[in-house]
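1. just to be clear, the model below is a prediction. Sequence and coordinates:
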Amino acid sequence: MELMKRTPRKAPDTWNNLLSLQQEINSLFENDFFPASDGLFDRNYSPAVDVIENPDEYLVSCELPGMAEADIDVQVADNVLTIKGEKKDDGVDTGKRWYKRETWYGSFQRTIPLPSGIESDKIRGELENGILRLTLPKREEVKPKQISVKVK
Amino acid sequence: MKNIEDKRDLRRSRCDIREETDSIIMRLEMPGVNKSGLNINIEGDKLIIDGQRIEDTKKGDWLVHEIRPGNFSMEYTIDKTIDRGNIEAALSQGVLTLTLGLSESVKPRKIEVISK
């Protein structure tokens, strides 16, 4: 057996601890750890949305593959369009083995702020081939008007 | 063969692949593709799925543009375990479900033991 010199326990270095705490807090702000979403209550899984404006109406498209009309709920309140729903699992989970699992299931919500001047009674929606298309007509007074002036 | 220039605008769909007892089920999300725009081919060991999207004819100014444009195109390699003659495809609400039957030699077989 060999005799070893006893090393005294190191006294805690408070300053060093503070420095590492500072580094940790700084790194928290550097990281983008919040899930990417466009609204406060939007889920991490948010379906892709397109919004097109033309002189008469706003057109909103939303990719919702594999969803039935009953699973989708569209609401307009106070110039905020909310598309929410639940994407149901196809129920078959007897698979022996998954090779790939890229799709997601669960509830989602997308909120899209709208400009004022939308005729909320005349909003139309259709679901076709997994794409939800909404037509939001503008009110007459917000539509750009062309006044022709005749010069004599 | 597709040119590289054409391939740049193509989009890959989200895909689930799972194995059942006598088949492989593929589920591909292809929003905006209808039956006539879908083309499924088998070339040798390749399963090629092309989905032509319906052109959006509506014009205007884009306020939000998140949906990736472009048609779908996927290529998967299938091996001998897939029975080429037993492939079924169904498209509903932008979701393509492919049922690839496994060939007889790979299917689990129960061997009856006869006692004498």
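-> Structure received.
2. in chain B, what residue is nearest chain A?
-> B:Gly94 (2.0 Å; C-beta to the nearest C-beta). To be clear about C-beta, it is placed using only N, CA and C from the backbone, and glycine gets the same treatment.
3. A:Ile123 contacts A:Leu136, doesn't it?
-> Yes - contact criterion C-beta atoms under 8 Å: A:Ile123 and A:Leu136 qualify, at 5.2 Å.
4. now do the shared contacts for those two.
-> Common contacts of A:Ile123 and A:Leu136, defined by C-beta atoms under 8 Å, 6 or more residues apart in numbering or on different chains, comprise A:Val76.
5. kindly report the residues of chain B close to chain A.
-> B:14-21, B:24-25, B:27, B:29-34, B:54, B:56, B:58-68, B:92-95 (C-beta under 8 Å from any C-beta of the partner chain).
6. switch the cut-off to 6 Å
-> Within chain B, the positions adjacent to chain A are B:14-19, B:29, B:31-32, B:34, B:58, B:60-67, B:93-95 by C-beta under 6 Å from any C-beta of the partner chain.
7. which ones among those residues map onto strands?
-> When DSSP state E is applied, these are split such that B:14-19, B:29, B:34, B:61-65, B:95 fall in strands.
8. hey, where'd the strands end up in the chain?
-> Unless you meant another one, I'm taking chain A. Under DSSP E, chain A gives strands at A:49-53, A:57-63, A:72-77, A:80-87, A:97-101, A:106-113, A:124-128, A:131-137.
9. other chain: chain B
-> Under DSSP E, chain B gives strands at B:14-19, B:23-29, B:33-43, B:46-53, B:61-65, B:72-77, B:82-92, B:95-102.
10. show the end-to-end separation of stretch A:127-139, please.
-> Its start and end residues considered, stretch A:127-139 measures 24 Å (C-alpha to C-alpha, to the nearest Å).
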